[in-house]
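Asker: My questions are about this predicted structure, shown below with the sequence.
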Amino acid sequence: MVRVLLTGFEPFGGSEVNISMDIVNALTDTLVVEDPWSALRALSKPMNVELERLVLSVDKAGSMTVANRIASGESWDAVLHLGVCGTCTVPRLETLAADRLAMRIPDNAGRQVASAPLSGQGDRPSTVPVKHWFQSWQTDAETSTDAGAFLCNETLYRSLEANTDESIPILFLHLPPASVYPLGASLELVIQVIARMLHKPVLRVVGSLLLDERKFLVARRASHERHAGTWEFPGGKLECNETFQQAIVREIEEEFGWLVSAQSSIGTWHHELPEVTIELDVLMCEFVGVIPSFILSPRWTSHDSVEWHTYESSKALDFTGSDRQVVERLKELDLID
């Protein structure tokens, strides 16, 4: 059974309630969560979760509680901190803890720091791949890089600081007050976030198969891109509720300024990265109108070279992910020389 630590805060600032505490108290010590990407992953099973629930004090000691336990050697499969955001209308997934403490009001121990760094070592990002969650997730939640400068930010910062080897996924979820966002919706969201923290995301991408006299078109990733210098079939990520055809037409226009029409997929391939599983579908495509020039253009956002290749000439290329397997499949289908 996997172990998750869920924390909330006691009331503060004259309030008698705190939705984060209410959520922590409303949940039970065990959960069963489904794989959010089960439709895209074979042999996915429900996961039994042992949930440790903890209400933190709104003071320096509370902000250090989880950090001290991590530093002493305790570990969980995920740590999710909850807090209330009085000005928020939708939940916010905080992906960055700022190296700052600026307390507009005193904490519950009477401490009030006008402005000071938390460590002087700089901001600390969460390593949870939140950006990959939204492709197939219907949610009101938003991502944020501003967790404030009060106890919520301090707690996230201290936890990330103690997690020196980044072995524990740690995230902070800001919830609007129950008067703005229903308690039941927040409760369901917390369970969904826990499920996503415990499962590797599946990211769906599309590539274009553009052919000319039995040669295929590939593009080289630019120096500022991840996997710089590798070659791939032009394409990109699906957005929420997009079809493959819509996605490839949009991506080609955005990344190159070309107009293409898209047909059916020739196959699906999977590639594992440390933080995400890539599911690649390659679609037969055609240029609309005249075939464009492949001279480097300011319109190209992610690539610095585009070339036509045969099967033999492509053997010298270093391909991205599973794109080499796509080339082998094209040869099997007798689509290329």
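Answerer: Structure's in. What do you need? Predicted model only: the values in this text are computed from it and were never measured.
Asker: got the domain boundaries for the protein?
Answerer: In terms of domains, the chain is parsed into 2-198, 202-332 (source: automatic domain parsing).
Asker: Kindly reformat those as CSV containing mean pLDDT.
Answerer: As requested, the domains of the chain are exported to CSV (pLDDT from 0 to 100):
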stretch, mean pLDDT
domain 2-198, 96
domain 202-332, 95
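Asker: now those domains as a markdown table including mean neighbour count?
Answerer: Just so you know, the C-beta spots here come from the backbone N, C-alpha and C atoms, and that holds for glycine as well. Formatted as a markdown table, the domains of the chain follow (neighbours: other Cβ atoms under 10 Å):
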| stretch | mean neighbour count |
| --- | --- |
| domain 2-198 | 17 |
| domain 202-332 | 17 |
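Asker: so what's residue 111 up against?
Answerer: 59-60, 103 (Cβ atoms under 8 Å, 6 or more residues apart in numbering).
Asker: out of the residues you listed, who's nearest residue 156?
Answerer: Distance to residue 156 across the contacts of residue 111 (Cβ to Cβ) is lowest for residue 60, with 14.3 Å.
Asker: Just want the phi and psi numbers for the closest one.
Answerer: phi -60, psi -40 (degrees, to the nearest 10).
Asker: any idea how far residue 41 is from it?
Answerer: 42 Å (Cβ to Cβ, to the nearest Å).
Asker: Repeat that for residue 330.
Answerer: 26 Å.
Asker: thinking again about what came up before, relative to residue 23, which of the contacts of residue 111 is nearest.
Answerer: Relative to residue 23, the closest of the contacts of residue 111 is residue 59; by Cβ to Cβ it sits at 20.5 Å.
Asker: That closest one and residue 109 touch, don't they?
Answerer: Yes. At 3.7 Å, residue 59 counts as touching residue 109 under the criterion of Cβ atoms under 8 Å.
Asker: From the contact counts, what lies against the one helix or strand residue 255 maps to?
Answerer: Residue 255 is part of helix 244-256, with elements assigned from DSSP states H and E. Counting contacts by 3 or more Cβ pairs under 8 Å, 6 or more residues apart in numbering; DSSP states H and E, helix 244-256 packs against strand 202-212, strand 235-237, strand 260-272, strand 277-287, strand 303-309.
Asker: ok, residues contacting the last one?
Answerer: By that I understand strand 303-309. Taking Cβ under 8 Å, 6+ apart as the rule, strand 303-309 contacts 212, 215-223, 225, 234, 255-256, 294, 296, 317.
Asker: what sits up against the very next helix or strand once past that strand?
Answerer: Going down the chain from strand 303-309, the next helix or strand is helix 323-332, by DSSP H and E. Residues outside helix 323-332 that contact it (Cβ under 8 Å, 6+ apart): 207, 209, 216, 218, 231-233, 266-267, 269, 280, 282, 311, 314, 319, 336.
Asker: go on, stretch 269-284?
Answerer: By Cβ under 8 Å, 6+ apart, the list of residues contacting stretch 269-284 reads 37, 40-41, 127, 129, 132, 200-209, 233, 235, 244-245, 248, 262-268, 321-323, 325-326.
Asker: mind exporting it as CSV, just the C-alpha atoms?
Answerer: Presented in CSV, the C-alpha positions along stretch 269-284 are these (Å, rounded to 0.1, in the frame of the first residue of the first chain):
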residue,chain,number,x,y,z
TRP,A,269,4.0,4.4,-30.4
HIS,A,270,5.0,4.8,-26.7
HIS,A,271,8.2,6.2,-25.2
GLU,A,272,9.1,6.4,-21.5
LEU,A,273,10.7,9.6,-20.0
PRO,A,274,11.4,9.9,-16.3
GLU,A,275,8.4,12.1,-15.6
VAL,A,276,5.9,11.1,-18.3
THR,A,277,4.9,8.4,-20.9
ILE,A,278,4.7,9.8,-24.4
GLU,A,279,2.0,8.3,-26.6
LEU,A,280,2.8,9.3,-30.2
ASP,A,281,0.3,9.0,-33.1
VAL,A,282,1.6,9.7,-36.6
LEU,A,283,-0.9,11.0,-39.1
MET,A,284,-0.7,11.0,-42.9
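Asker: Just the helices from the stretch 1-150 of the chain, written as ranges.
Answerer: 19-26, 60-71 (DSSP state H, counting those that start in this stretch).
Asker: Could you provide those helices in TSV, with additional columns for distance to residue 33?
Answerer: Converted to TSV, the helices of the stretch 1-150 of the chain look like this (distance: least, Cβ to Cβ, whole Å):
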stretch	distance to residue 33
helix 19-26	15
helix 60-71	21
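Asker: Going by residue numbers, what spans are strands in the stretch 51-200 of the chain?
Answerer: Using DSSP state E, counting those that start in this stretch, the strands of the stretch 51-200 of the chain run over residues 78-84, 92-94, 96-97, 124-125, 142-144, 170-175.
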